[in-house]
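Colleague: Sequence first, predicted coordinates after that:
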Amino acid sequence: SNGANATMIDSDDVLLLKPAWLGGGFDLSGASRASLPAGEKPSPNKAVAGIVVIRIHHLRRGTEIGFASRFEVEMAPLTTAPGIRHLAAFITEHAENSFPRLPIRAGENVFISVTGFDSAEAHASHEAALAASPAWQAFWQAARPDLTKPAETLRLSPTSQSLVRWNS
């Protein structure tokens with residue numbers, strides 16, 4: 001809707017996605033938005049502590065389900081530690097866009113992981129630990145033939161009205 005698009009800084013870079021595995025989407029059960037002081041309007045610029053890191057892995061078509069299955073078993077457990085929580089995983093939904101007013105990037109084939117960190121320092125420390133992990137290195141070495149280009153990493157700050165929480 002126009003109202004939803006108005007709250008987004010950029011609505012031109014869109015992928016159509018579905019959970020990568022059963023229960024792989026965001027778990028928002030019991031989630032509620034933080035209440036605002038009387039008279040205050042929601043602000044997309046008012047961030048809370050922590051960051052959300054989204055990694056977009058570009059894959060050859062037809063490899064996404066196998067990649068997601070291996071990631072769930074081998075990698076998701078490595079992205080859980082104090083101050084860190086695996087939040088969700090998605091793969092490309094190869095279907096017709098049912099909302100044509102929001103154009104999607106067609107022809108893309110991706111696996112996306114979403115991880116929450118209590119701080120940028122927790123993220124940096126975790127990245128260093130993963131880089132030294134033999135299991136992490138072995139996974140990415142085996143996955144190399146399925147990857148079509150380097151992963152994109154997005155670091156986001158959730159706003160006070162975000163339903164995505166991991167550190168509260």
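Modeller: It's in. Just so it is clear, the model here is predicted, and its values are computed rather than measured.
Colleague: where does the protein have its least confident helix or strand?
Modeller: Every helix and strand of the chain was ranked by mean pLDDT, DSSP states H and E. The lowest is helix 2-6, at a mean of 54.
Colleague: Report how many residues lie close to the closest residue to W21 other than its chain neighbours.
Modeller: Spatial nearest neighbour of W21, chain neighbours left out: E72 (5.1 Å); criterion: CB to CB, 6 or more residues apart in numbering. Using the backbone N, CA and C atoms, a C-beta is placed for each residue, glycine as well. A count of nearby residues for E72, using other CB atoms under 10 Å, gives 17.
Colleague: show me the contacts for the residue sitting nearest the centre point of the chain.
Modeller: Residue closest to the mean C-alpha point of the chain, counted by CA atoms, centre = their mean, is V114 at 2.6 Å. Applying CB atoms under 8 Å, 6 or more residues apart in numbering, we find V114 in contact with F26, V52, V53, I54, H86, L87, A88, A89, F90.
Colleague: what about Q137, neighbour count?
Modeller: 12.
Colleague: what is the mean pLDDT for the strand or helix carrying it?
Modeller: Per DSSP states H and E, Q137 falls inside helix 134-143. Mean pLDDT, computed over helix 134-143, is 92.
Colleague: just checking, what packs against it?
Modeller: helix 64-70 (3 or more CB pairs under 8 Å, 6 or more residues apart in numbering; DSSP states H and E).
Colleague: What segments of the chain are strands?
Modeller: 17-19, 51-59, 84-92, 110-117, 147-156 (DSSP state E).
Colleague: Let me have those in TSV, extended by mean pLDDT and distance to A124.
Modeller: Below are those laid out as TSV (pLDDT from 0 to 100; distance: least, CB to CB, whole Å):
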stretch	mean pLDDT	distance to A124
strand 17-19	90	27
strand 51-59	93	10
strand 84-92	90	12
strand 110-117	93	9
strand 147-156	93	11
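Colleague: Dump those to TSV, plus distance to E127.
Modeller: Below are the strands of the chain laid out as TSV (distance: least, CB to CB, whole Å):
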stretch	distance to E127
strand 17-19	24
strand 51-59	9
strand 84-92	11
strand 110-117	10
strand 147-156	10
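Colleague: So for R101, which of these sits nearest?
Modeller: Closest of the strands of the chain to R101 is strand 17-19, at 17.9 Å (criterion: CB to CB).
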